[in-house]
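S.K.: based on what follows, work out the 3D shape:
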Amino acid sequence: MSTVAITTADTTAEAPAPLRRVGQRRETLADLAYKELLEAIELRRLEAGQPLGLDQLARQLGMSRTPVNVALSRLHAEGLVSYNGHLGFVVRALSADDLRDIYDLRVMCELHAVATGLLEAPDEHIQRIAATHAAIAAGTTWSDPDAFRRFWDLDGRFHRLIVRLSPNDQLQEWFGRLNHHIHAVRLALRAPTSGAFDAMLREHAAIVAALERRDVEVAQGELRRHIVRSRDVSLARQLAEGQP
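M.R.: Take a look at the predicted model:
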């Protein structure tokens, strides 16, 4: 996918900006800047390692430097943006070790949610998880160029619903931040191969069946197997692209 680089120089002619102007909307400017930058990072309109010059970003977003700086500080606190003493803020590039750590944390969150919440979860919540799996199975078609994004969005919802089995609000908030990284990794993979997609459907079906039986141990085992395979696919793709 072609991308547009954001430079810090003010004197050069600007290419079409990867960010939309949001400065005139009647909302908190820092929140608007955060949402727009987050989406641009997740969709890779802003690439890993790309400098994020305050002046350039503020001009593209149609606002002053202050709310943009607040938004960048928030993204930095969430680990999506790094700070370089020479370049300033840059989009964080995830290493193979970073990916392993993210998937390890994902395993911890989802297995803990099942252990602490499955037995007491309302039937309606289990049904929502099952319905999301059914929507993935029935509604995904790779003839549509945007299908992979809808698929990853539904897959993200599937796993967020699993974490919401837990009554721990802090766990859900923490997983929400972690999920930004997971979502960006998913989108970077693009559409999975048919074999990988079929494997995912089988794994999801096994997870749903265990949840419906309220079988904590089996559900945890199926989740671990599924997440570890997803981790290995992500690491293999990163290695194939020559990333560290």
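S.K.: could you chop the chain up by domain?
M.R.: For the chain, the structural domains run 1-93, 96-240, going by automatic domain parsing.
S.K.: tell me how far the last one lies from the chain's centre.
M.R.: The one in question is domain 96-240. Remark: domain 96-240 is offset 11 Å from the chain centroid, using Cα atoms, centre = their mean, to the nearest Å.
S.K.: correct me, but residue 155 touches residue 136?
M.R.: Yes - Residue 155 lies in contact with residue 136 (Cβ atoms under 8 Å); the separation is 6.5 Å. From N, CA and C alone the C-beta is placed, and that goes for glycine too.
S.K.: returning to that earlier point: least reliable of the domains of the chain by average pLDDT, please.
M.R.: Of all these, domain 1-93 carries the lowest average pLDDT, namely a mean of 78.
S.K.: check the offset of that one from the chain's centre.
M.R.: For domain 1-93, the distance to the chain centre is 17 Å (Cα atoms, centre = their mean).
S.K.: what's the longest helix in this structure?
M.R.: For the chain, the helix with the greatest residue count under DSSP state H is helix 216-240.
S.K.: can you classify the spatially closest residue to residue 48 that is not a sequence neighbour by secondary structure?
M.R.: Nearest residue to residue 48 in three dimensions, chain neighbours excluded: residue 93, at 3.8 Å (Cβ to Cβ, 6 or more residues apart in numbering). At residue 93 the chain is in coil, as set by DSSP: H, G, I helix; E, B strand; the rest coil.
S.K.: tally of neighbours for residue 93?
M.R.: When neighbours are defined as other Cβ atoms under 10 Å, residue 93 has 13 of them.
S.K.: distance-wise, check it relative to residue 37.
M.R.: 16 Å (Cβ to Cβ, to the nearest Å).
S.K.: over to residue 181?
M.R.: Residue 181 is 15 Å from residue 37, by Cβ to Cβ.
S.K.: more neighbours, the two?
M.R.: residue 37 (26 against 23).
S.K.: apart from its chain neighbours, what residue comes closest to the more buried one?
M.R.: residue 71 (5.6 Å).
S.K.: list the buried residues of the helix or strand hosting the one you found.
M.R.: Secondary structure from DSSP states H and E places residue 71 in helix 65-77. For helix 65-77, the neighbour count (16 or more other Cβ atoms under 10 Å) marks 67, 68, 69, 70, 71, 72, 74, 75, 76 as buried.
S.K.: so can I have CSV of the residues you listed showing distance to residue 107?
M.R.: What follows is those, written out as CSV (distance: Cβ to Cβ, whole Å):
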residue, distance to residue 107
67, 36
68, 35
69, 35
70, 33
71, 30
72, 30
74, 26
75, 25
76, 26
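S.K.: okay, strands next: where are they in this protein?
M.R.: Ranges of strands in the chain, per DSSP state E, are 81-84, 88-91.
S.K.: among those strands, which is the most enclosed?
M.R.: strand 88-91 (a mean of 20; mean count of other Cβ atoms under 10 Å).
S.K.: that one packs against which elements?
M.R.: When contacts are defined as 3 or more Cβ pairs under 8 Å, 6 or more residues apart in numbering; DSSP states H and E, strand 88-91 packs onto helix 65-77, strand 81-84.
S.K.: export it to PDB, keeping only CA atoms.
M.R.: Taking C-alpha atoms only, strand 88-91 is exported to PDB below (Å, rounded to 0.1, in the frame of the first residue of the first chain):
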ATOM      1  CA  GLY A  88      10.600  14.300  18.300                       C
ATOM      2  CA  PHE A  89       7.600  12.000  18.300                       C
ATOM      3  CA  VAL A  90       7.700   9.100  15.800                       C
ATOM      4  CA  VAL A  91       5.300   6.200  15.100                       C
END
